[in-house]
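[1] Using only what follows, build the 3D model:
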Amino acid sequence: MSDHSVAAPARSTISLHKLGVFCGLAAAVWLGSAEAPTKLVNEGFSPFLISMGMVMGAFVARWTLPTLLKGTGFLFADLREKPHLVIWALLAGMLWAVGNTLTIYAVRNVGLAIAFPLWNTNTLVGLAWGCLLFRELRGSRTRDWAKVIGGASAIVLGATVLAVATAQQSNGAGGRAAVGIIAALGAGAMFGTMYIPYRKAYISGVNPLSFVTIFTFGELGTVLLLGWAFYGGVAPLNAELVRARSMLFWPFLGGFCWVIGDLFQQFAAKYIGIGRGIPLSNTNQLWGLAWGALVFGEFAGLTTQGRLLIIAGSIIMIAGAVSISLAEPPPSELENWNAAMRRECSRYSLDAATVAAVVAGDDPLSHRNYRRRWWEILILLAATGIFVWLAVATRPQHLHVNTGWMIVLIAGTIVPLGLCGTLLWKRTRFS
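    This is a model prediction of the structure:
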C-alpha cells in the first residue's frame, strides 16, 4: 500500500514507496547471494539434499529472526488476530519448497548464471496475479501501464535470449540443457504463484515476520515429503543426510541468508505490491551472474557470442524489471488497492481501520509492550548450536572459487542489510 491511503506514523519522513524500493533492492542482493551454495550440486550431491539443507537453514532463520526482532509474544498475538492466514502461509511455504528444488535441478544442468534469470520469469506470473486478484494497476495511468507491459515484454525477451544462449553453449548436452530450462521455468511458475498468499496476507494486516514463521512449516513439510518419496523412506533419507553432513553447512547457510532476502522481499511486496516489488527484487540475477561468473568461473568455457548473449539477455531482463518498478501507483490506483483491502476485511470480519494502519506501516500491536519469554533465549541458542554443529563437521569441497571476488561480494551483501534494516526500523518498527 502507500502513504496516500493512510496517514504515516511520525517516525520517519521516508515514503513507503521509497522504502519498498529499498527493500526490493536489499532483497535482490541477499536472494542472489543465497543461491551460491547450490553449486554443490555439481559435486555429485543430490538436488534434494541441497534443497533440504537450504530448507533446514530457512526453518531456523524463520523462527530465529522474527523472535530476535519482535519476540514471540508479538508473533502469537498477531497470528491470533488473523488465524485465516495460517493456511495461506503454509501453502506459500509448500510452493516455495517445490520451486527451490526445481532451481537446484536447473543449476545442475545449465549453471547458476543462466538458470537464475530463467526462473526470475516469476515476475510475469506475480504481475499477472497482482492485476487479476488484487487490483494492482487498476486505475493507473497509461504511461504506467506502458512501463509495466514494456517491462514484462523485456523480461520475456531476455529469458528467450538466455535460453538460446544455453542451447548454443551446452556443448552437446542437449537433453540436460532442456531439463535445466524446464526446471528453471517451472521454479519461476512456483515462485510467482507463491506471491498470491504474500499479497493476501499483507492487505489483511499481518506482519511479514509473523507470516514467515508459519510459512516455514509448509516448506519443511513439503521438502521432507519430497525427500522421503525420492529416497524411498525415512531411513534412506537419514542415511543420505548423515553422509552429506560434511557439506550441509553451506546450503544451511544459504537457506538462512535466503530468509533475510525473503523478509526484505516481503516488506517490498507489502508496501509497493507484488507487481512492482517482485520485479525489483528479481534484479537478484545480477548477484547470481556475479557469483556464477566471478566466483565460480562459469563463463570460462563460453565463446564470445555466448557471453554477449547472456549479458544482453540479462541486461534486457533487468531493464524490464526497472521499468516496472518505476511505475509508481497514482491515487486512482491506490483506491483500487484499498478496495481489495476492504474486500479482505469484509470477508474475514477484520477491523478496516486497524488493517489500514498496519498496511501503512503503523501496526497498533507494535505499540504494546510484550514481555520477552525465557524460551526465546533457547531458540537463539539452538540456532547458534546448529550452526556450530554443522560447521565443525564441514570438509573442503572440490569447487574452484575466486576468493578475492567472493570477499567483495560478501561485503556487498552485508552493507544493504544494515542500511535497509535501519530504514525499516525507523519508519515502521518492522511492521
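
[2] what's the distance between G24 and S281?
    5 Å (CB to CB, to the nearest Å). Placement of C-beta: from N, CA and C, glycine included.

[3] G111: how many residues sit nearby?
    Look at G111: counted by other CB atoms under 10 Å, it has 25 neighbours.

[4] Contact partners for it?
    180, 292, 298 (CB atoms under 8 Å, 6 or more residues apart in numbering).

[5] at 6 Å what do you get?
    With contacts defined as CB atoms under 6 Å, 6 or more residues apart in numbering, the neighbours of G111 are E298.

[6] same check, this time on P251
    By CB under 6 Å, 6+ apart, the contact set of P251 is 37, 50, 53-54.

[7] so which of those residues is the most crowded?
    Within those, most neighbours by other CB under 10 Å means M54, with 32 neighbours.

[8] you'd agree that one is up against L253?
    No. Counting by CB atoms under 6 Å, M54 sits too far from L253 to count as a contact (9.0 Å).

[9] How much space separates the residue most central in space within the chain from F45?
    Nearest to the mean C-alpha position of the chain, by CA atoms, centre = their mean, lies D262 at 3.8 Å. With the distance defined as CB to CB, D262 ends up 23 Å from F45.

[10] and what of A293?
    In terms of CB to CB, A293 sits 22 Å off from F45.

[11] Quick check: buried residues in stretch 332-341?
    Residues of stretch 332-341 classed as buried: 333-334, 336-338, 340-341 (neighbour count, 16 or more other CB atoms under 10 Å).

[12] Now stretch 243-261: average pLDDT?
    Mean per-residue pLDDT for stretch 243-261: 88.

[13] In the stretch 51-200 of the chain, what residue spans correspond to strands?
    Using DSSP state E, counting those that start in this stretch, the strands of the stretch 51-200 of the chain do not appear at all; there are none.

[14] how about low-confidence regions in it?
    Judged by pLDDT under 70, the stretch 51-200 of the chain has its weakly predicted residues at 112-113, 163, 165-175.

[15] Go through the buried residues of stretch 332-341 and name the one nearest Q305.
    When these are compared for distance to Q305, the smallest value, 42.5 Å, is given by E333; criterion: CB to CB.

[16] mind checking how far P83 is from L350?
    Counting by CB to CB, the separation of P83 from L350 is 11 Å.

[17] more neighbours, those two?
    Between P83 and L350, L350 has the larger neighbour count (other CB under 10 Å), namely 19 against 9.

[18] and the more buried one, helix, strand or coil?
    Local secondary structure at L350 is given as coil here, using DSSP: H, G, I helix; E, B strand; the rest coil.

[19] Please state the backbone phi and psi of it?
    L350 adopts backbone torsions of phi -100, psi 150, taken as degrees, to the nearest 10.

[20] cool, I50 as well?
    Backbone dihedrals for I50, given as degrees, to the nearest 10, come out at phi -60, psi -50.

[21] my guess is it meets A106, correct?
    No. Using CB under 6 Å, I50 is not in contact with A106; the gap is 11.8 Å.

[22] What sits closest to L137 if chain neighbours are left out?
    Using CB to CB, 6 or more residues apart in numbering and skipping residues adjacent in sequence, the residue nearest L137 is C131, 5.3 Å away.

[23] Quick check: the one you found vs N122, distance?
    15 Å.

[24] quick one, which of the two is more surrounded?
    With neighbours defined as other CB under 10 Å, C131 and N122 compare such that N122 has more, 25 against 17.

[25] Which residues are in contact with that one?
    Contacts were defined as CB under 6 Å, 6+ apart; by that measure N122 touches 188, 191-192.

[26] how about the helix or strand where Q266 lies: buried residues?
    Q266 belongs to helix 245-272 when assigned by DSSP states H and E. Neighbour-count burial for helix 245-272, counted by 16+ other CB under 10 Å, picks out 247-272.

[27] same check, this time on stretch 293-304
    Along stretch 293-304, these residues count as buried under the neighbour rule (16+ other CB under 10 Å): 293-296, 298-299, 302.

[28] Just the CA coordinates for that stretch, please, in PDB.
    Presented in PDB, the C-alpha positions along stretch 293-304 are these (Å, rounded to 0.1, in the frame of the first residue of the first chain):
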ATOM      1  CA  ALA A 293      30.900 -15.700 -13.400                       C
ATOM      2  CA  LEU A 294      33.300 -14.100 -11.000                       C
ATOM      3  CA  VAL A 295      33.500 -16.600  -8.100                       C
ATOM      4  CA  PHE A 296      32.800 -19.900  -9.800                       C
ATOM      5  CA  GLY A 297      34.100 -19.100 -13.300                       C
ATOM      6  CA  GLU A 298      31.000 -20.300 -15.200                       C
ATOM      7  CA  PHE A 299      31.800 -18.100 -18.200                       C
ATOM      8  CA  ALA A 300      35.300 -19.600 -18.700                       C
ATOM      9  CA  GLY A 301      34.400 -22.000 -21.500                       C
ATOM     10  CA  LEU A 302      31.900 -19.800 -23.300                       C
ATOM     11  CA  THR A 303      32.600 -18.300 -26.700                       C
ATOM     12  CA  THR A 304      32.400 -14.500 -27.200                       C
END
